[in-house]
Each structure stands twice: as structure tokens, then as C-alpha cells.
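Enquirer: A structural model of the following input is requested.
(one chain, ligands or ions: 3)
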Amino acid sequence: MIMDGPTNDRSLEVDIQTELFLQLAEIVSTTTRTGPALALACERLATILDCTRVSIFLLKNGQVIPRMSRFANGVIAPGQWDEFRTSSAANNPPAVVSEVLVRGVPVVCSTYENDWWSQHFDIASMMAVPIGNSSHPLGVLVADSQVPYEFRPEQIRLATALGVQLGGIVALARQIEEQHTRLGFAEASRELYQKGSLSTTTLGVAETLARVTAKVLGGPIAWSITVNTTGSITQVTSFGVPRDTQEKVRVALEGKPFASTALGGIVGPVWTPLQIDEEISTDAFGLFGVRSGWCIPISCLQENLVALVIVGGPSAGDFAEARHRDLVNFLAQETSLIAENAILREHDHYQATHDSLTSLANRAAFEDYLAYALAIAARTSGRLAVLLLDLNRFKDVNDTLGHHIGDALLNEVAQRLTSEMRDADVVARLGGDEFVILLSTSADINGAKNAAKRLVTALEQPLLVAHRPIWIGASIGIACFPEHGADPQTLLHRADLAMYEAKRTTVGVVVYDASVDRAQSSVPGLLLELPRAIQQDELVVHYQPKLDINSHEVLGVEALVRWVHPTLGLLGPEQFVPLAEATGIIRQLTSWVLTTALGQAAVWRASGRALRMSVNISARDLADVTLPDRVTAALVSSGVPADQLTLELTESAIMSDEAKGTEVLTRLRQLGVRISLDDFGTGYSSLAYLERLPLDEVKIDRSFLGGGNGAESFLVRSMVKMGHHLGLQIVVEGIEHWTSYESVARIDCDELQGFALSPPLEAAQLEQWLDDWTSNLPSGSSHPWRQAE
Ligand code: C2E
Ligand code: CA
Ligand code: CA
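Expert: Numbers count the residues shown, from 1 in each chain. Ligands and ions are numbered 1, 2, ... in the order given. Coordinates of the predicted model:
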């Protein structure tokens, strides 16, 4: 039987095409998935052609993949879709499809019979057209009919036109998908680093990985399992899973040797991500309810398994694409680094967070906890009080009764404090006879004062140490959030000031107020003012030019920070950078300098001065895993290319935690940023040591020049030579006077920096200086090589 197709005249054809194409383009631009657009195309075309169904086969990595199939008018044939997608078509697509791919022209087959396809899908007639450019089709669009059907020329034309349009859409969708995947990578790694690096336990890292992976893959189920050093499963947690299932799995697995479980038989001993498919999901992964997804082992130094993450969904074949594999491999790699850090931390965690004498939390742990509590209080408009307590006569006890009595007394005090406070309050020992208490509930100023008075009274009662009563007494200073500060350092510092006031005036308890501040010295004051100074742009950056020896041009500048203090005047970095380094404020300072310097570099670039920018980074920054992210953010917002930024670090900064320092350096370098070793020669490292570091440049410290120009000294020249041998760019800094051309030429380094050339200058002054330098060059006079030429 021959069926009637719709009778389209040309203009109708064009209208239909245009409208359909617009709809498709709209779908593609609003989602990142090709699926909906392809489905719409198939269904609409099947309807317009009045045939049974339209299907799409796409070429991917040299294979033909059945990608989409829809019946006309949205008719659904249960079962057929699964069959279509999971068929052996990749090896054996319909012959017509292959023909179209080879010849690049439409092929019509009025009688289609006797193959797997015709039998499985009841196909009687078929028309196939290329998708995309006919010389390199991206795939094939197939229309078929279950009853014999004669496709007419205008129908073939319409299908062919749609095939070309679809090609554009498939290409666009692939591009968007790729972009999305790349974005997914960036976002996932950021989240992984931010959350993962806060975890001090492998479970914490595993849970973070599970969440991040589930999010980027779009899988609804996620499990994390930890394994201890003897190979037993210690903890099983999950999300997206019903409670009873979780309980069942927990009971089945916890405490079992991992190797003895069905899972253990499949995963390892090479700890790489394993794709979960139909075959193994019914066996080892059946328990988890994951029919398709990934199992990601987390191992320590590639050897010992410490945790596993299972992420996926309940239906088959969902996470099997190449991009899923890439994403999982990427996340697995990132996680192993984070996990190694966490394991080290987990190991040292107790020691690092507890005072060995009293077993109370120590200063570091307290500061961490305070920061955390402050973040929550700030979000919930909550209140906090920090009570800093110092014993009154401890030194006398220690001196007259001996250290062991002193130690026993501190233990007694710790116990008394703990028993006086509520469970929710945190008691820590800061060191010596100093304790600190965080009140986190009902902690308004009066409440805090009452609690402090109670403590002072309690400590006025004699303490029994070695059967001997000791009267000790205590002074307490109080600082409250939000009244007296919003960050741990400020609160602790102000509580400390208040405590000294309490001691000085022997009143027992003092609440911080501004008068306490004035009573004390101004140096800590500078520290307290610094965050405000950064926010209110009281800091400025000066730029010192660096001279390229070969071209006699200034190719780069170093950013050096200064503080224009409202009352103290211009302060040099030595007066406040060390303060900032001793606290977390250095992070803000560094970010501010980075942003400001790169912003200036962008302005200069826009006006035709392409100057490289060098920025100083402190040791504290290097210990911070978010540094690469912060650098990226500053680069992106300024638009300055990464290779125009040089980060200067001292060797002590790198040495203070070599493994971590090298890791962060490597990541920075992967961004394309240059790394310079500052103040070289002042530390202990030999030049051979430099070979192991990812460096681009070395700056020889000015102390080698002995104040004047000793740059041609044997020592400097041999350092330059060895540096060059290692492929490093060498900068000699601190050149204060020009002597002769010969002496400068003999240095043989790459760049010079120093007062002889120019001191650090404000941006506008530097521009003036640069103009002078360039215009003076041809006729120049005062510079040694000019005299020699
Ligand atoms: P640095 O990185 O070694 O910077 C070079 C210092 O030497 C600068 O001092 C510069 O003014 C000074 N200098 C330049 N040429 C000469 C010279 O010919 N003779 C002598 N005697 N000195 C010269 P400045 O600006 O006072 O900075 C001191 C240090 O403060 C810097 O030493 C750097 O370690 C630190 N610093 C400056 N800005 C920043 C910053 O933004 N972040 C961090 N973390 N540290 C910074
Ligand atoms: Ca420097
Ligand atoms: Ca230096």
C-alpha cells in the first residue's frame, strides 16, 4: 500500500524548516544537552513526513551510535527505545546508514527487508540523509515506515535540509557540552579543594568527593566507605539512599575486611576508578542500588586503600560516556593529593589540636573552632564571648613548689574549668598558665561577665594538689562578638588586653572597651587597623623597574606595598608585612596586592606598555591551597595573561613545608605563572637544591653586593653562571651605584634592579620615569653602557 504524504509547496517547506530550526536552536541554547533538541527534531519530522518514526545515528570516535528515535505525534512503543540504544548497532548499523556516511547523499529504500533492523523494528521502507556537511557528515537521519511507503522528492528535500541544519545544532551542542564539561572540571576541583582541604579525616575527604562527583555527574546516589590500616571497613555513609538500605549496607559491611567483600574482589589492587555497569552491579554493587556509575578508590601514595566512593544511579548505562570517564579520573587524581594531606593531618590531628599536659584543646584548635563559630554566628545573628583567663600566682607556685606541682595544678585548673562550664562551651589552654573559654550560648556581655565571675570565684577556692591546698586565683578578660570584633585574632587580642587590665587593676574580670586599647601600646594597634586599611584602600603599591641587560629596556616591574597611615604617615612593608604574616591577615593583603598590581598592569597594557608584573608572596600564602584559585581569579578579572605575572617567594617560604610548598608551586606554574626565588643566598639552600624546584627565575640578594656595586664579585658571577646552567633567569637586585660599564657587563645576569636605576615609584611617577628612560636612551649619558657605546 502506498500512503499519502502531506502536499507541501516550496514556501511551506521553507516555513516549516525555519520554524523547526528556530525551535531546535532555542532548545540547544537553553540546555546543555543535545537530547531534547534531537528528540524534538525526530518527532516533528516524523509527523511532517507522515512516516512511522525518525531516528538519528551519530558518528562518534569512528563509531556509529544510535542516538535518538521518536515516533510521529509522540507515540511511544515501550521496550523499543532500550533495544534501539543498546543494540549491537555500533558494529552493524543499517546498510543504508553506512551508504549515506560513505557517499554523503540521501538514500531511499522503498523496500527495506531482511536485516536485524527490519525484523526488530518492523521496517518496510526507509529514507536516510546525512546530518551536517555532506562531505563530512556527523551522522545520519533515518525516516522509516512500518508500511511500504514511497518518499516523495519534496519530502527528501525537506529531510535533507533538516539534516544540514541538525548538523549545525549537533556541532553547537557538542561545543556547549565540552564547555560545560570544562566548567564542570573547574567548579568541581574548586569545591573539592575548598571543602576537602578543611577535612582532617579520610571520611571527610571521601564524603566531599562523593558529593562533588555526584553533583558533576548528575548521579542521585552516593556512598562513601572508609577502610582502616588493617584493611577493615570502618564507616559507611551515603546520601540519596533510603534509611533502611543504608542501615542494611552498614550492617553488612562495617567491620568486615574489605578484601573479603564482593566489592573487594573487583576493586584493586590497582586503585584506579572502576566503571560500574550492568554486569557487576547485580553482584558486587547490587547492595548499593547503583546499576551504572563509578567506584573511585582513594589510596595513600597509590598503595594503601583508605576509602572508596561509589556514585551513580539506579538505571543502566547512564555514566558511561568518555566525558564521564575524564571527569572521574580527574576528580580521583585531585582527591588522592587531598587525601594524602588529610591522612597526614588525621595522624597528627590529635597531637596538633590538643595540649599534651591537660588534654584540653590547644591554641591552634581553639582559633580554628572560634573562626568556625564566628562564621555561624555571623550568619545567624548569633553572639559569642571569648574569656581569656590567666592564673594569678602560678609563677610563685612553680618557683617554690617545683614544676611537677605546677603541672598538677594546671591539670586541676583544667578540670575545674571544664566542670564549671557547660558542654557547649569550649575550654582550651593557650600555653603557660593561660586558658581561654568560648561561650557560645546566651553570651551577651552581661551573661559573659557573670560566667567569668563564677569562674573567678571557683578558682578562689583552694585546689588540692598532692594533698596540699593551694590558693591560686585568676584574672579574666572578655571580648564579645559582635561588639568587640568579628575575627578570631581581634577577639583574642582584645580579650588579652582586657585580661592585662584585670591583672593591673586586680579587679578579677574586665570587659574590653576602647579605653583598654588606649592604655596599651600601639604596635598591636597597627595589626588591628590593618584589615580596615586594606578595605579602605589605605595601602598603595609602588613599582620598581627591572632592567633587561640585553635590550637595555625595562620589561618588568616589582610591586612593593606601602601603607599611607592616617596618623603615622607612610609605612614601609617591613613595618606591617611581618605583622600580617604572623596572622591570617596576610591572605587579604596578598590578594589585595595581586589584584591592584594586575589591575595596574592591565591599565599599562591598554596604553601600550606591556610590563611584566612581579608580586611578593609570603610563606603563609604558600601554605594555603586556595592560593592558585586566588591567583587565577586576579588574573581573570584583570585580563592579564598568566605568563606576564611573576610570583616572588623566598626559599624559607618554600622550605617551611617543602612538600606542600612544591605542590602549590607546581599548581601555580601550571597556570602559566612564572615563579621567582627571592633573596637567594640568604637561606641555606644550595644551587643544586634549586634544580628540584619548579622555578623560572632567581633573584640574588642585595647583601651580596655589599651596599655598593659588588655585583661583579666572583661569588655573584659564579651564582649567575650556575643559575644559567639550570636554565633559570637571573636577576641581581640592590644595585645602588653604577660604576663602570665593564663591571656591569661582567655580571652577565639577565636583569638588574636597584636604586641606581630607580627606587620603587608610584604608578604615575613610574610612567614619567619610563618615558624619560626611553627618550634618553639614544643620547643617554649617565648609564655605564651608554658611555661605552
Ligand atoms: P624584597 O622583595 O627583597 O624587595 C626589594 C626591597 O629592596 C624593597 O624594599 C626595595 O625598595 C628595596 N630596594 C630596591 N633597590 C634597592 C637598592 O638598590 N638598595 C637597597 N638597599 N634596597 C633596595 P621594600 O619596598 O621596603 O620591601 C621590603 C620587603 O618587604 C620586600 O623585600 C618584600 O620581602 C616585602 N614586601 C614588599 N611588598 C610586599 C608585598 O606586597 N607582599 C609581601 N608578602 N611582602 C612584601
Ligand atoms: Ca621581592
Ligand atoms: Ca629580594
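Enquirer: ok, now which ones touch the nearest residue to Gly432 once chain neighbours are set aside?
Expert: Of all residues not flanking Gly432 in the chain, Phe394 sits nearest, at 7.7 Å (Cβ to Cβ, 6 or more residues apart in numbering). All C-beta spots, glycine's among them, are computed from the backbone N, C-alpha and C. Residues near Phe394 by Cβ atoms under 8 Å, 6 or more residues apart in numbering: Gly406, Leu409, Leu410, Gly432, Asp433, Ile472.
Enquirer: again with His484
Expert: With Cβ under 8 Å, 6+ apart, His484 has these contacts: Thr490, Leu491, Arg494, Tyr512.
Enquirer: do that again at 7 Å, thanks
Expert: Leu491, Arg494, Tyr512 (Cβ atoms under 7 Å, 6 or more residues apart in numbering).
Enquirer: starting at the chain centroid, how far to the host helix or strand of the first one?
Expert: Same thing as Leu491. Using DSSP states H and E, Leu491 maps to helix 488-505. Mean-position distance between helix 488-505 and its chain equals 36 Å (Cα atoms, centre = their mean, to the nearest Å).
Enquirer: Could I get the CA-only coordinates of that helix as PDB?
Expert: Once non-C-alpha atoms are left out, helix 488-505 reads as follows in PDB (Å, rounded to 0.1, in the frame of the first residue of the first chain):
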ATOM      1  CA  PRO A 488      39.500  35.300  66.000                       C
ATOM      2  CA  GLN A 489      42.600  37.300  66.100                       C
ATOM      3  CA  THR A 490      40.900  40.500  67.100                       C
ATOM      4  CA  LEU A 491      38.700  38.900  69.700                       C
ATOM      5  CA  LEU A 492      41.600  37.000  71.300                       C
ATOM      6  CA  HIS A 493      43.800  40.100  71.200                       C
ATOM      7  CA  ARG A 494      41.200  42.300  72.800                       C
ATOM      8  CA  ALA A 495      40.300  39.700  75.400                       C
ATOM      9  CA  ASP A 496      44.100  39.600  76.100                       C
ATOM     10  CA  LEU A 497      44.200  43.400  76.500                       C
ATOM     11  CA  ALA A 498      41.200  43.200  78.900                       C
ATOM     12  CA  MET A 499      42.900  40.400  80.900                       C
ATOM     13  CA  TYR A 500      46.000  42.500  81.400                       C
ATOM     14  CA  GLU A 501      43.800  45.400  82.600                       C
ATOM     15  CA  ALA A 502      42.100  43.000  85.000                       C
ATOM     16  CA  LYS A 503      45.500  42.000  86.400                       C
ATOM     17  CA  ARG A 504      46.800  45.500  86.500                       C
ATOM     18  CA  THR A 505      43.800  46.800  88.400                       C
END
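Enquirer: Quick one: mean pLDDT over the helix or strand following it.
Expert: For helix 488-505, the succeeding helix or strand toward the C-terminus, using DSSP H and E, is strand 509-511. Averaged over strand 509-511, pLDDT sits at 93.
Enquirer: So which bits of the protein are right by ligand 1?
Expert: Residues of the chain lying close to ligand 1 (Cβ under 6 Å from any ligand atom) are 544, 560-561, 572-574, 577, 590, 593, 616, 618, 648, 678-679, 702, 734-736, 754-755, 760.
Enquirer: out of those, who's near ligand 2?
Expert: Asn616, Glu648, Asp678 (Cβ under 5 Å from the ion).
Enquirer: Just the element for the closest residue to the second one other than its chain neighbours, please.
Expert: Nearest-residue entry for Glu648: Asp678, 4.2 Å, with adjacent residues in sequence omitted and distances by Cβ to Cβ, 6+ apart. Mapping Asp678 onto the secondary structure by DSSP H and E places it in strand 674-680.
Enquirer: Show me how far the longest strand along the chain is from its chain's centre.
Expert: Looking across the chain with DSSP state E, the single longest strand is strand 554-565. How far strand 554-565 lies from its chain's middle: 28 Å, per Cα atoms, centre = their mean.
Enquirer: Can it be said to contact ligand 3?
Expert: No - Strand 554-565 stays clear of ligand 3 (Cβ under 5 Å from the ion), getting no nearer than 8.4 Å.
Enquirer: Which secondary structure elements does the helix or strand that that strand is followed by sit against?
Expert: Proceeding N to C from strand 554-565, the next assigned helix or strand is strand 569-571, under DSSP H and E. In terms of contacts (3 or more Cβ pairs under 7 Å, 6 or more residues apart in numbering; DSSP states H and E), strand 569-571 is packed against strand 554-565.
Enquirer: Any idea how many residues pack against the closest residue to Glu278 other than its chain neighbours?
Expert: Of all residues not flanking Glu278 in the chain, Ala316 sits nearest, at 5.1 Å (Cβ to Cβ, 6+ apart). Per other Cβ atoms under 10 Å, the neighbour tally for Ala316 reads 15.
Enquirer: Give me the pLDDT value at His783.
Expert: In this model, His783 carries a pLDDT of 57.
Enquirer: Quick check: His120 is in a strand.
Expert: No - applying DSSP: H, G, I helix; E, B strand; the rest coil, one finds His120 to be helix, outside a strand.
Enquirer: ok, it - contacts?
Expert: Glu83 are the contacts of His120 under Cβ under 7 Å, 6+ apart.
Enquirer: how about Asn133, what does it touch?
Expert: Asn133 is in contact with Gly167, counting by Cβ under 7 Å, 6+ apart.
Enquirer: Average pLDDT for the longest strand of the chain, rounded please.
Expert: In the prediction, strand 554-565 has an average pLDDT of 95.
Enquirer: which helices and strands does it pack with?
Expert: Using 3+ Cβ pairs under 7 Å, 6+ apart: strand 554-565 touches strand 539-548, strand 569-571, helix 573-582, helix 585-606, strand 612-616, helix 763-776.
Enquirer: now that strand against helix 763-776, angle please.
Expert: Relative orientation of strand 554-565 versus helix 763-776 (axes from the mean of the first three to the mean of the last three Cα atoms, to 10 degrees): 150 degrees.
Enquirer: what lines up beside strand 554-565 in the sheet?
Expert: Paired strands of strand 554-565, with direction, are strand 539-548 (antiparallel), strand 569-571 (antiparallel), strand 612-616 (parallel) (DSSP bridges).
Enquirer: circling back: mean confidence (pLDDT) on the strand holding Asp678, please.
Expert: The average pLDDT within strand 674-680 is 92.
Enquirer: and it, is it in reach of ligand 3?
Expert: Yes - counting by Cβ under 5 Å from the ion, contacts between strand 674-680 and ligand 3 involve Asp678, Asp679.
Enquirer: which other residues reach that strand?
Expert: Against strand 674-680 from outside (Cβ under 7 Å, 6+ apart): 614, 616, 643, 645-651, 665, 668-669, 690, 694-701.
Enquirer: in which helix or strand would I find the one residue in the stretch 251-400 of the chain that gets nearest to ligand 1?
Expert: Of all residues in the stretch 251-400 of the chain, Glu367 sits closest to ligand 1, at 21.3 Å by Cβ to the nearest ligand atom. For Glu367, the element it lies in under DSSP H and E is helix 363-380.
Enquirer: Who are the packing partners of the following helix or strand past that helix?
Expert: Sequence order places strand 384-391 as the next helix or strand after helix 363-380, per DSSP H and E. Judged by 3+ Cβ pairs under 7 Å, 6+ apart, strand 384-391 is in contact with helix 363-380, strand 434-439, helix 445-460, strand 474-481, helix 488-505.
Enquirer: And whichever residue of the stretch 351-500 of the chain sits closest to ligand 3, how close does it get to Leu438?
Expert: Closest contact between the stretch 351-500 of the chain and ligand 3, by Cβ to the ion, is at Gln489 (27.6 Å). Gln489 sits 14 Å away from Leu438, going by Cβ to Cβ, to the nearest Å.
Enquirer: Count residues in the vicinity of the closest residue to Gly672 other than its chain neighbours, would you?
Expert: Excluding the flanking residues, the one nearest Gly672 by Cβ to Cβ, 6+ apart is Ala642, at 3.4 Å. Ala642 has 16 neighbours, counted by other Cβ under 10 Å.
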